[in-house]
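Undergrad: The amino acid sequence is not available; the structure is as follows:
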């Protein structure tokens, strides 16, 4: 269950401790109504639910007030079980507890307006569509969210079926606020190419298109069904493959670019002229993810299947994007991202958050390049606030980042080398990272005690009027089977109980 840290009412806090806390034990003298809620913790599956009812728990459930049940439902759907052929979805399971729960669940529209459909078994699509529509019919007039999961083989051979996707989306298109479609490339191309009436998605705010590869998959096809999506703010296009990219032909995507605030292209690339045309039209863009590829002569070795990515022509002007605050570079092949951005002739002068993203095992040859980072940093005219990378980064470069970016508030280098003793000492003395609030890094067992000393030295009482309040979040990556960790384990638990957000993950 999702962790909730703020509750408006005391009964919500007690409910969360009982229902969301898997290790919390109810005292014998506690409220019997809440005791019934605790018993529900082991009944998330159909079998557990059946056992609970057989033990006489139904009476306690029937006594819960409607307001309390609705709050239970809200907390429960944070751990959503998708619609699939393998079992009931979370809303369906909740509606089967008792007659009272069924009545409240059916009438509680917020329980049914966000659906996740696992379309892994394509032979069951008609059945999945019926269940999905049954959920959405109970959502009243609320805006809805539709997400599909594409748990399919990367090389699946399946007949092109536009109708299945259309039948899922079309009946409720006018109420869709967030849409995620994950399907094979050919299926998606046919759906986007042949679906008519693009003006019916006026409530749509975000779209995520996830293309799964098939044998002899074509390029990503043209689509125009989002042309008149006047509320659209976020667009994400992803090609699910570790082996290569998909190419966007010019004018492939037709959307109102001027209102887009977040654009994410993952394993999806385009020519410099088309990419710059897209970015130049995104005047409101704040968050951006670009996939990095080799440029010019190196393209033949990048496995892209096209050779039209020429060096910048004289007609390609420099493009500055001052509205972009968050930049994520998807770079699983460890290419030179400075060369790529130079090829696009695009600059992000007001960048505040920078991240290198990748998929798969982060240790597969991805190495941090301090010279590339320094060059990117030289073009930024505002204080950089956060840096994140899954690349292999040495302790010297970690210290360089902290030293060269005194404005840094968040640093995530968990996959890199352990932080050095010198860096910890300088941070403890206040010479480095004076504004750092979130730190995620590897620490050797021998240095854990000193590292925790440094964290505690930064603590500032809540009564203080100082702007800097110390570390808010600490994530430590270290081996838990080491003597060094066992020596400080109790200390970490004590700090956590005192309200410090400290997490230790396995090395």
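TA: Ah, there it is. It should be emphasised that the depicted structure is a prediction, and the values quoted were computed from it without experimental measurement.

Undergrad: drop to CA atoms for contacts and neighbour counts, all remaining ones
TA: Noted.

Undergrad: ok, the nearest residue to residue 484 once chain neighbours are set aside - contacts?
TA: Using CA to CA, 6 or more residues apart in numbering and skipping the chain neighbours, the partner closest in space to residue 484 is residue 445 (4.3 Å). Contact partners of residue 445, counting by CA atoms under 8 Å, 6 or more residues apart in numbering, are 478, 479, 482, 483, 484, 485.

Undergrad: From the residues you listed, keep the buried residues only.
TA: Among the contacts of residue 445, those scoring as buried are 478, 479, 484, 485 (criterion: 16 or more other CA atoms under 10 Å).

Undergrad: What about those, which are in strands?
TA: The strands, defined by DSSP state E, take in residue 478 from those.

Undergrad: these two touch, right, residue 419 and residue 395?
TA: Yes - counting by CA atoms under 8 Å, residue 419 does reach residue 395; the two are 5.4 Å apart.

Undergrad: Out of those two, name the residue with the larger neighbour count.
TA: Neighbours were counted for residue 419 and for residue 395 using other CA atoms under 10 Å; residue 419 has more, 22 against 19.

Undergrad: Against residue 325, how distant is that one?
TA: For residue 419, the distance to residue 325 (CA to CA, to the nearest Å) stands at 28 Å.

Undergrad: do residue 386 as well
TA: Distance, residue 386 to residue 325, using CA to CA: 11 Å.

Undergrad: quick one: common contacting residues for those two?
TA: Contact with both residue 386 and residue 325 is made by residues 352, 353, according to CA under 8 Å, 6+ apart.

Undergrad: List the buried residues in the host helix or strand of residue 273.
TA: For residue 273, the element it lies in under DSSP states H and E is helix 272-281. Using 16+ other CA under 10 Å as the burial criterion, the residues of helix 272-281 that qualify are 272, 273, 274, 275, 276, 278, 279, 280.

Undergrad: tell me the mean pLDDT over that helix?
TA: On average, the pLDDT along helix 272-281 is 90.

Undergrad: tell me what it is packed against?
TA: For helix 272-281, the packing partners by 3 or more CA pairs under 8 Å, 6 or more residues apart in numbering; DSSP states H and E come out as helix 337-344.

Undergrad: Quick check: buried residues in the helix it packs on?
TA: Residues of helix 337-344 classed as buried: 337, 340, 341, 343, 344 (neighbour count, 16+ other CA under 10 Å).

Undergrad: Can you name every helix or strand that that helix contacts?
TA: Partner elements for helix 337-344 (3+ CA pairs under 8 Å, 6+ apart): helix 272-281, helix 370-378.

Undergrad: If we use 7 Å, what do you get?
TA: For helix 337-344, the elements it packs on are helix 272-281, judged by 3 or more CA pairs under 7 Å, 6 or more residues apart in numbering; DSSP states H and E.

Undergrad: Can you show me the strands along the stretch 151-300 of the chain?
TA: Secondary structure of the stretch 151-300 of the chain (DSSP state E, counting those that start in this stretch): strands at 176-184, 206-212, 234-239, 246-247, 262-266, 268-269, 287-291.

Undergrad: mind putting the ones you listed in a markdown table, distance to residue 399 included?
TA: Below are the strands of the stretch 151-300 of the chain laid out as a markdown table (distance: least, CA to CA, whole Å):
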| stretch | distance to residue 399 |
| --- | --- |
| strand 176-184 | 40 |
| strand 206-212 | 37 |
| strand 234-239 | 34 |
| strand 246-247 | 37 |
| strand 262-266 | 30 |
| strand 268-269 | 33 |
| strand 287-291 | 26 |
